[in-house]
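A.B. asks: here is a sequence with its predicted model. Questions after.
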Amino acid sequence: MELELSTLLFLLVVAFVAGFVDSIAGGGGILTIPALLSVGIPPTFALGTNKLQASFGSCAATLYYARRGLLQYRLLPMLLVFCASGAGSLCVQLVGNALLAKIVPFLLIAFGLYFLFSPKISARENAAQKYGWLVLALGCIGFYDGFFGPGTGSFFFLALLLLGAYNMVGALAHTKLYNFCTNIASILFFAMLGNVLWSVGFVMAIGQFAGGYLGSKVAFAYGAKIIKPLIVTVSLLASLKLLVEQYS
């Protein structure tokens, strides 16, 4: 499938904005998936291509945080989210995700309200005692990302913040690391079925990488001042979009 140059430029700009937002608050798919569908790309190809280009944004953010020594590379959680995402991608082909599509908007609303009205959030103590729960939560979220996807970054962030003893920037850094792992697993699955438009995905990847890197710099520089309001805004917008899709 070939697209005109103007269409590719449009997708490039959308990917840049999505990469910037996603690197700080998640939810970049709110912009990129509708953009891909709007130019006539079939849904399955839109989903596969979206995973490809999104992986470059999460990769850029991960590299930025890695260079600043903010990441802990724990093999078990990384393998777990990778395998769980792959399993979710397989399962969705068998059972569908209609029920989750109706439930997730309310979870995102609750998530956004929690951050909006919660007191100042700082690193949690006794992370070692919660490590088992953190691994379990990461596995479930990884499966969810492969099975459905919207809000994955928000759910990773919340789990890491509450169970991982990270501050906001630390939780965001590890969110990007685990999101990169789940994206790669999903790409493999979609690629095996031939549902990735590689040329479109790589064009968008340029915008994603640039936006993801820039957004990470902004998040690192301003911390909670920009992370918290953006997370609340993106979570509520994502829930509104899903509610309109499922209940209109």
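C.D. replies: Okay, I see it.

A.B. asks: what residue is smack in the middle of this structure?
C.D. replies: Gly153 (4.1 Å; Cα atoms, centre = their mean).

A.B. asks: skipping its backbone neighbours, what lies nearest that residue in space?
C.D. replies: Leaving aside its sequence neighbours, Gly153 sits nearest to Gly26 (Cβ to Cβ, 6 or more residues apart in numbering; 2.3 Å). Heads up, the C-betas are built off the backbone N, CA and C, glycines and all.

A.B. asks: touching, the one you found and Gly149? I think so.
C.D. replies: No: with contacts counted by Cβ atoms under 8 Å, Gly26 stays clear of Gly149, the gap being 10.6 Å.

A.B. asks: neighbours of the residue nearest to Gly153, just the number please.
C.D. replies: Neighbourhood size, Gly26 [other Cβ atoms under 10 Å]: 27.

A.B. asks: tell me which other helices or strands the helix or strand bottoming out on mean pLDDT in the chain touches.
C.D. replies: In the chain, no helix or strand scores lower on mean pLDDT, DSSP states H and E than helix 98-117, which sits at a mean of 74. Contacts defined by 3 or more Cβ pairs under 8 Å, 6 or more residues apart in numbering; DSSP states H and E place helix 98-117 against helix 152-163, helix 224-247.

A.B. asks: could you check the angle the next helix or strand after the first one makes with helix 152-163?
C.D. replies: Downstream of helix 152-163, the first helix or strand assigned by DSSP states H and E is helix 168-192. Here helix 168-192 points in a direction 140 degrees away from that of helix 152-163 (axes from the mean of the first three to the mean of the last three Cα atoms, to 10 degrees).

A.B. asks: quick one: mean pLDDT for helix 168-192?
C.D. replies: Averaged over helix 168-192, pLDDT sits at 92.

A.B. asks: that helix: what's the following helix or strand?
C.D. replies: Counting by DSSP H and E, the next helix or strand C-terminal to helix 168-192 is helix 198-222.

A.B. asks: you'd agree Val234 is up against Val21?
C.D. replies: Yes: Val234 lies in contact with Val21 (Cβ under 8 Å); the separation is 6.5 Å.

A.B. asks: mind checking how far stretch 134-147 is from the chain centre?
C.D. replies: Relative to the centre of its chain, stretch 134-147 is centred 12 Å away, using Cα atoms, centre = their mean, to the nearest Å.

A.B. asks: and for that stretch, what's in contact with it?
C.D. replies: Around stretch 134-147, the neighbours that count as contacts under Cβ atoms under 8 Å, 6 or more residues apart in numbering are 76-77, 80-92, 97, 100, 127, 152, 155-156, 159-160, 163-164, 178-179, 181-182, 185-186, 189.

A.B. asks: which neighbours do Val234 and Val21 have in common?
C.D. replies: Shared contacts of Val234 and Val21, defined by Cβ under 8 Å, 6+ apart, are found at Gly27.

A.B. asks: what's the PyMOL line that selects buried ones from the contacts of stretch 134-147?
C.D. replies: If you want just the buried ones from these in PyMOL, going by 16 or more other Cβ atoms under 10 Å, the selection is:
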select buried, resi 77+80+81+82+83+84+85+86+87+88+89+92+97+100+152+155+156+159+160+163+164+178+179+181+182+185+186+189
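
A.B. asks: coming back round to it: how far away is the residue nearest to Gly153 from Thr175?
C.D. replies: 7 Å (Cβ to Cβ, to the nearest Å).

A.B. asks: overlap in contacts, these two.
C.D. replies: By Cβ under 8 Å, 6+ apart, the residues touching both Gly26 and Thr175 are Gly153, Phe156, Phe157.

A.B. asks: these two touch, right, Thr175 and Leu160?
C.D. replies: Yes: judged on Cβ under 8 Å, Thr175 makes contact with Leu160 at a distance of 6.2 Å.
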